[in-house]
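> Build me a model from this:
(one chain, ligands or ions: 1)
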Amino acid sequence: MIKKAVIPAAGYGTRSLPVTKSVPKEMFPVGNKPAIQLIVEEAVAAGIEEILIVLSRQKNMIVDYFDRSLELETFLDHANKRDLLPKVEPPNVTIQYIRQPYAKGLGDAVLLAKQFAGNEPFAILLPDDIILNQTQPGIAQLINNFEQKKGSVVGLLEVEQQYLHKYGVIDGEKIDEQVYRIKDMVEKPKHNPPSNKAVIGRYVFDPSIFSYLGKVKPGAGNEIQLTDAVKAMLHDYPCYGTLIDGKRYDIGSHAEYLQLNNELFDEK
Ligand code: G1P
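Residues are numbered from 1 along each chain as shown. Below you'll find the predicted structure:
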């Protein structure tokens, strides 16, 4: 069973400036919850018990949000608004934090989770990617696959040609209804993407990923890329891609962020 998850939340959120000068994009409201709460809820629903959030400076709002607020709890209690108390309780999961001192990329942020993971497999959830699914949380779909295939798994989405340059893209062989065995991977391909299957922000890895992360050189955007570490790992270990069943919204895209809020509003 996978019990640990890492949430990298150290990026600058440049696509959403200027608000991200002081409000982390992980705290953008989705309905009446911050986006990162939906990510934590997805992880908890998939059986995760311990979470490590990788932060940078300016992200203390996230730490405060997941802590208890004693003044607020006391106020609600005294003001006869006890029915609201469950809304302000921290989630039922252990959350730890680590800071990424230099913005060296997603791969570098994940490498900071080496001690946290120890020798256990672990999940990664990128908080930009909100996945709505009625039946099974996105990360739970990957965990199932990891357990069946005994190999690392990345989440996939079919993306139109003109947008593939924004993603990690796989070259893979279809081995099951939703599952591909990955043969190659390219981060943000400028030309000739190897397929229309893009990586979305859900992964389950064996701890062997850390030795590859420790060796990869800066890649796309001059950053240490997780995709490059997975690509290096493919020589030694099988790795799979699962097409995630669900609707995915990138909250760094203003249009998708608005669509997501509309979608949740419609459901009420
Ligand atoms: C990251 C990954 C990329 C993946 C994407 C999904 O890129 O590096 O492989 O396709 O997340 O959201 P970023 O969006 O951080 O540039």
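
> Could you check which residue of the protein lies nearest the ligand?
Going by CB to the nearest ligand atom, the ligand is nearest to Gly168 of the chain, at 2.6 Å. Backbone N, C-alpha and C define where each C-beta goes, glycine included.

> Any part of stretch 102-115 near the ligand?
Yes: applying CB under 6 Å from any ligand atom, one finds stretch 102-115 touching the ligand at Leu106.

> gap between the two ends of that stretch?
Taking CA to CA, to the nearest Å as the measure, stretch 102-115 stretches 18 Å from start to finish.

> Could you do stretch 26-41 as well?
Stretch 26-41 stretches 14 Å from its first residue to its last (CA to CA).

> With stretch 83-103 instead?
End-to-end distance (CA to CA), stretch 83-103: 42 Å.

> show me the contacts for the residue of the chain closest to the ligand.
154, 185-188, 198-199, 225-227, 230 (CB atoms under 8 Å, 6 or more residues apart in numbering).

> can you tell me which of the residues you listed are in strands?
Among the contacts of Gly168, the members found in strands (DSSP state E) are 154, 185-187, 198-199.

> farthest-separated two in those?
Maximum pairwise distance among the ones in strands among the contacts of Gly168 (CB to CB): 13.0 Å, between Val154 and Val186.

> Provide the partner residues of the residue lying closest to Gln178 once chain neighbours are set aside in its beta bridges.
Closest residue in space to Gln178, ignoring its immediate chain neighbours: Leu243 at 4.4 Å, by CB to CB, 6 or more residues apart in numbering. Bridge pairing for Leu243 (DSSP bridges) gives the partners Leu156.

> Measure how buried Leu243 is and give me the count.
Other residues within reach of Leu243, judged by other CB atoms under 10 Å, total 18.

> Quick one: name the residues of the stretch 51-200 of the chain near the ligand.
Residues of the stretch 51-200 of the chain lying close to the ligand (CB under 6 Å from any ligand atom) are 106, 126, 128-129, 167-168, 187, 198-200.

> switch the cut-off to 8 Å
With CB under 8 Å from any ligand atom as the criterion, the stretch 51-200 of the chain meets the ligand at residues 105-106, 126, 128-129, 166-169, 187-188, 198-200.

> pLDDT below threshold where in the chain?
266-268 (pLDDT under 70).

> For it, which segments count as helices?
For the chain, applying DSSP state H gives helices covering 35-45, 60-66, 70-78, 85-88, 106-111, 114-117, 138-149, 209-213, 226-233, 254-267.

> Now render these as JSON lines, adding distance to Arg248 and mean neighbour count.
Conversion of the helices of the chain to JSON lines gives the following (distance: least, CB to CB, whole Å; neighbours: other CB atoms under 10 Å):
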{"stretch": "helix 35-45", "distance to Arg248": "12", "mean neighbour count": "21"}
{"stretch": "helix 60-66", "distance to Arg248": "22", "mean neighbour count": "15"}
{"stretch": "helix 70-78", "distance to Arg248": "33", "mean neighbour count": "12"}
{"stretch": "helix 85-88", "distance to Arg248": "26", "mean neighbour count": "10"}
{"stretch": "helix 106-111", "distance to Arg248": "17", "mean neighbour count": "24"}
{"stretch": "helix 114-117", "distance to Arg248": "25", "mean neighbour count": "15"}
{"stretch": "helix 138-149", "distance to Arg248": "8", "mean neighbour count": "21"}
{"stretch": "helix 209-213", "distance to Arg248": "23", "mean neighbour count": "21"}
{"stretch": "helix 226-233", "distance to Arg248": "18", "mean neighbour count": "24"}
{"stretch": "helix 254-267", "distance to Arg248": "8", "mean neighbour count": "13"}
